[in-house]
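**Q** got a structure for you, letters missing:
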């Protein structure tokens, strides 16, 4: 529903939709996880819950990342490279994943070595935990 230039969305009172990808700091992947990372994951996890994303939708990507981690990032680079098109396919099937994809793409594009991949894993784990803590099913 719109009112002039302001769009009203379920769960939002007013104003344009938030640009979560713009709030994401790539140094959380390339450098280290910080308290700001945790705060972002808390807020973004709550947003994803309000968008009716299920825990299993987030776990789909997290599970693939975990599989790559278990086999070793260096050994599974091809699988990692293919995650971005898999995510695009998921969004084409379910638009609710769009905000998650935008943030994931920004994080994904920052991964250049195993240390970055581990930071991505920590980020995704925190996001999944906060989504669940906000009542995500």
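**A** Now that the structure is in, tell me what you want to look at. Treat the numbers as computed from the prediction; the structure is a model and nothing was measured.
**Q** quick one: low-confidence parts of the chain?
**A** 1-16 (pLDDT under 70).
**Q** what's the longest helix in it?
**A** As assigned by DSSP state H, the longest helix anywhere in the chain is helix 114-133.
**Q** Quick one: list the elements packing against that helix.
**A** helix 27-30, helix 35-50, helix 55-71, helix 98-110 (3 or more Cβ pairs under 8 Å, 6 or more residues apart in numbering; DSSP states H and E). In this view, the C-beta of every residue, glycine as well, is placed from N, C-alpha and C.
**Q** Pull the residues that contact it.
**A** 28-33, 37-38, 41-42, 44-46, 48-49, 53, 55, 58-59, 61-62, 65-66, 68-69, 73-74, 80, 107-108, 110-111 (Cβ atoms under 8 Å, 6 or more residues apart in numbering).
**Q** Return the members of these classed as buried.
**A** Buried members of the contacts of helix 114-133, scored by 16 or more other Cβ atoms under 10 Å, are 28-29, 33, 37-38, 41-42, 44-46, 48-49, 53, 58, 61-62, 65, 68-69, 73, 80, 107-108, 110-111.
**Q** quick one: the longest helix of the chain to helix 98-110, angle?
**A** 160 degrees (axes from the mean of the first three to the mean of the last three Cα atoms, to 10 degrees).
**Q** from the chain's centre, how far out does helix 114-133 sit?
**A** Centre-to-centre, helix 114-133 and its host chain are 9 Å apart (Cα atoms, centre = their mean, to the nearest Å).
**Q** Please convert the helices and strands packed on helix 114-133 to a markdown table, extending it with distance to residue 20.
**A** Formatted as a markdown table, the helices and strands packed on helix 114-133 follow (distance: least, Cβ to Cβ, whole Å):
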| stretch | distance to residue 20 |
| --- | --- |
| helix 27-30 | 13 |
| helix 35-50 | 6 |
| helix 55-71 | 14 |
| helix 98-110 | 5 |
